[in-house]
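Visitor: sequence? don't have it. structure:
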């Protein structure tokens with residue numbers, strides 16, 4: 001028997017908003033200036049660094065691959081933690097300035113889901129303060145039954161741990177949920193947890209492998225801003241709504 005669609009689970013960075021390009025990259029570079037470093041991450045380099053999940057992990061990878069001769073002042077873990085903390089402050093300042101709007105269709109779909117009793121959750125590797133800051137500025141954290149973020153699990157995407165955590169907290173099975181992601185790592189994490197996933201690509205992820213996705217779009221769409229379907233054409237609307245999601249969930253739940 002096909003189970004009812006009971007919950008939507010959202011990634012944050014790149015999925016709810018273009019936070020990577022317009023937020024995190026800007027904030028990293030401002031933190032580097034504050035620390036007196038001559039580092040400046042350009043968009044192409046940042047696209048490469050995004051293959052590593054987690055901000056602190058990204059700094060560590062940058063040091064290991066691109067700055068092998070850099071002399072860390074003091075203890076490495078403390079240096080990275082302080083740098084990341086400074087970056088977080090800059091990121092939150094950008095959010096307060098309303099510099100990072102939601103992607104098209106996000107508020108519309110989330111509002112529709114809430115009005116029809118569909119449960120909502122967040123599953124992200126972004127730090128909890130960053131996640132909360134974005135939700136406070138653009139939506140409402142209280143709309144989400146579970147907000148799983150940052151280091152709440154030890155293994156970050158593409159490991160499925162964050163999705164197992166959310167499913168356990170919500171007491172739901174994978175076939176009662178749909179996930180929204182923007183990256184291959186996110187898709188891999190959700191798929192390993194048995195979850196069907198809708199991918200909304202961005203400039204950093206457009207050319208990644210999304211063959212396991214239920215649906216690949218350029219955005220969720222609005223009436224006056226139609227979405228583009230980048231995978232198989234399985235519906236014909238200007239935007240993705242809850243009726244279409246329920247239909248797709250029922251159609252593919254046994255696949």
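Guide: Done, it's in. Given the structure is predicted, the values throughout are model-derived calculations rather than measurements.

Visitor: check which helices and strands the least confident helix or strand in the chain by mean pLDDT is in contact with.
Guide: The least trusted helix or strand in the chain, going by mean pLDDT, DSSP states H and E, turns out to be helix 19, with a mean of 89. With contacts defined as 3 or more CB pairs under 8 Å, 6 or more residues apart in numbering; DSSP states H and E, helix 19 has no helix or strand neighbours. Yep, even glycine has a C-beta here, placed from its N, CA and C like the rest.

Visitor: any chance you could map the strands in the stretch 1-150 of the chain?
Guide: Using DSSP state E, counting those that start in this stretch, the strands of the stretch 1-150 of the chain run over residues 7-10, 119-123, 146-148.

Visitor: what average pLDDT does the first one get?
Guide: So the one you mean is strand 7-10. If you average the pLDDT over strand 7-10, you get 98.

Visitor: might you list the low-confidence residue ranges for the stretch 101-250 of the chain?
Guide: Nowhere does the stretch 101-250 of the chain drop to pLDDT under 70.

Visitor: where along it do the helices fall?
Guide: 106-115, 128-138, 161-170, 184-192, 242-252 (DSSP state H, counting those that start in this stretch).

Visitor: what's next to the shortest one, contact-wise?
Guide: Helix 184-192 is touched from outside by 9, 11, 15, 51, 53, 123, 157-163, 179, 181, 196-197, 199, 205, 208-210, 212-213, with contacts defined as CB atoms under 8 Å, 6 or more residues apart in numbering.

Visitor: out of the strands of the stretch 1-150 of the chain, the one nearest residue 231 is which?
Guide: Residue 231 sits nearest to strand 7-10 of all the strands of the stretch 1-150 of the chain, at 18.7 Å, using CB to CB.
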